[in-house]
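Enquirer: Predicted structure and sequence below. I'll ask about it afterward.
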Amino acid sequence: MSLLRGGVDRSVIALFLGHEQVETTPVYLHADMQMKEAALAGTSTGKPTIRRYRPGDRLLAFLNGL
């Protein structure tokens, strides 16, 4: 796990583990709690700004002309 945490590419880890195919490596690579906490720390916790859509005058004029 320290290799993965250190930024080593998964294909290199697959070679190090002796895997013939890189596709089998993810079975053995699971994120530990430290990696999960780091991923969650990088996310935003703020509330998104939600505003009502207000069409412009040109659009309203076009729609009224239909």
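Expert: Nice, thanks for sending it over.

Enquirer: Tell me, please, where in this protein the pLDDT is lower than the cut-off.
Expert: In the predicted model, the chain carries pLDDT under 70 at residues 1, 30-33, 45.

Enquirer: mind listing the helices for it?
Expert: Taking DSSP state H as the criterion, the chain carries its helices at 2-5, 10-17, 33-41, 57-64.

Enquirer: what about the ones you listed, which gets the closest to residue 50?
Expert: Put simply, out of the helices of the chain the one that sits nearest residue 50 is helix 57-64, at 20.8 Å, with distance taken as Cβ to Cβ. All C-beta atoms are positioned from the backbone trio N, CA, C, and that covers glycine.

Enquirer: In stretch 21-41, which residues are buried?
Expert: Of the residues in stretch 21-41, those scored as buried under the neighbour-count criterion (16 or more other Cβ atoms under 10 Å) are residue 25.

Enquirer: How about stretch 7-24?
Expert: For stretch 7-24, the neighbour count (16+ other Cβ under 10 Å) marks 13, 14 as buried.

Enquirer: Regarding it, how distant is the last residue from the first?
Expert: Length of stretch 7-24, first residue to last, Cα to Cα, to the nearest Å: 19 Å.

Enquirer: what does stretch 25-34 give?
Expert: Start and end residues of stretch 25-34 are separated by 20 Å (Cα to Cα).

Enquirer: repeat for stretch 38-58
Expert: Across its full length, stretch 38-58 reaches 47 Å end to end, with Cα to Cα as the criterion.
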